[in-house]
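Undergrad: attaching a predicted model along with its sequence, questions to come.
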Amino acid sequence: DAGITQSPRHKVTETGTPVTLRCHQTENHRYMYWYRQDPGHGLRLIHYSYGVKDTDKGEVSDGYSVSRSKTEDFLLTLESATSSQTSVYFCAISAETYEQYFGPGTRLTVT
Amino acid sequence: RKEVEQDPGPFNVPEGATVAFNCTYSNSASQSFFWYRQDCRKEPKLLMSVYSSGNEDGRFTAQLNRASQYISLLIRDSKLSDSATYLCVVNGGSYIPTFGRGTSLIVHP
């Protein structure tokens, strides 16, 4: 299995609080992605990174920001969590072959 | 039209059956194609890549039809452990893949 970890694995937070999710890889892959997965919607891309300090928005980026200061770490921040951001968040990595490998996911509940 | 479309199922089949899923895509410039498997409450995992010449891995066969813009996944001799959701993924030449919403397979005794 590709070396990808996500932390925390589960989190419950209150509306209006900031939340940061971390994705860490040991594969030295260039590309990293954050997705959310909700029933009826499938996987939706939030943000992605194509190198250190190089990031771009996906299809559902509103309310989220990212940072990548090192190859191995990609952080997703919910600036002010809302109940609509309750979801399962997956990080993924890929090299030059387009194949993606996913982390185990973070289950976030915003109350 | 959605970029990548899959029949959501569920496909409910007995052990030992052969089952096939199709996935259609709209971008004729798409270059890379994959099937992923996702178990309930788990992350998607790469099952196999789909090459122009087709690809076989044990009981699983994937094929690409560029003219009709679809890929297929055939599972022979279904096992209970094959029960999962199968996601079709298409890359249009960038590093941003497009995921289908998945097809649910239930294999029963």
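TA: Right, received. Where do you want to start? Numbers count the residues shown, from 1 in each chain, chains lettered A, B, ... in the order given.
Undergrad: got the residues of chain B near chain A?
TA: B:31-32, B:34, B:41-46, B:49, B:87, B:89, B:91, B:95-97, B:99-102 (Cβ under 8 Å from any Cβ of the partner chain). For every residue, glycine as well, the C-beta is placed using N, CA and C.
Undergrad: tell me the confidence at the closest residue to residue B:66 other than its chain neighbours?
TA: Leaving aside its sequence neighbours, residue B:66 sits nearest to residue B:52 (Cβ to Cβ, 6 or more residues apart in numbering or on different chains; 7.1 Å). The pLDDT attached to residue B:52 in the predicted structure is 85.
Undergrad: quick check: residue B:52 is in a strand.
TA: No - according to DSSP: H, G, I helix; E, B strand; the rest coil, the state of residue B:52 is coil, so it is not within a strand.
Undergrad: does it touch residue B:64 like I think?
TA: Yes - in this structure residue B:52 lies within contact range of residue B:64 using Cβ atoms under 8 Å: 5.6 Å.
Undergrad: quick one: contacts for residue B:95?
TA: For residue B:95, the contacting residues are A:31, A:48, A:50, A:94, A:98, by Cβ atoms under 8 Å, 6 or more residues apart in numbering or on different chains.
Undergrad: can you tell me the helix or strand for it?
TA: When elements are assigned from DSSP states H and E, residue B:95 belongs to no helix and no strand.
Undergrad: and what of the one 10 residues further on?
TA: When secondary structure is defined using DSSP H and E, the element that contains residue B:105 is strand B:103-108.
Undergrad: of residue B:52 and residue B:64, who's got more company?
TA: The residue with the greater number of neighbours, taking residue B:52 and residue B:64 and applying other Cβ atoms under 10 Å in any protein chain shown, is residue B:64; the counts read 20 against 10.
Undergrad: quick one: strands adjacent to the strand or helix carrying the more buried one?
TA: In this structure, residue B:64 sits in strand B:60-65 according to DSSP H and E. On the basis of DSSP bridges, the sheet neighbours of strand B:60-65 come out as strand B:55-57 (antiparallel), strand B:70-75 (antiparallel).
Undergrad: show me how far it is from its chain's centre.
TA: Offset of strand B:60-65 from its chain centre (Cα atoms, centre = their mean, to the nearest Å): 9 Å.
Undergrad: buried set for it?
TA: B:60-64 (16 or more other Cβ atoms under 10 Å in any protein chain shown).
Undergrad: residues near residue 94, how many?
TA: All of this refers to chain A. Summarising burial for residue A:94: neighbours were counted as other Cβ under 10 Å, giving 20.
Undergrad: my question was about chain B
TA: Look at residue B:94: counted by other Cβ under 10 Å, it has 11 neighbours.
Undergrad: how far away is the spatially most central residue of chain A from residue A:67?
TA: In chain A, the centroid-proximal residue (Cα atoms, centre = their mean) is residue A:34; its distance is 3.0 Å. Here residue A:34 is placed at a distance of 11 Å from residue A:67 (Cβ to Cβ, to the nearest Å).
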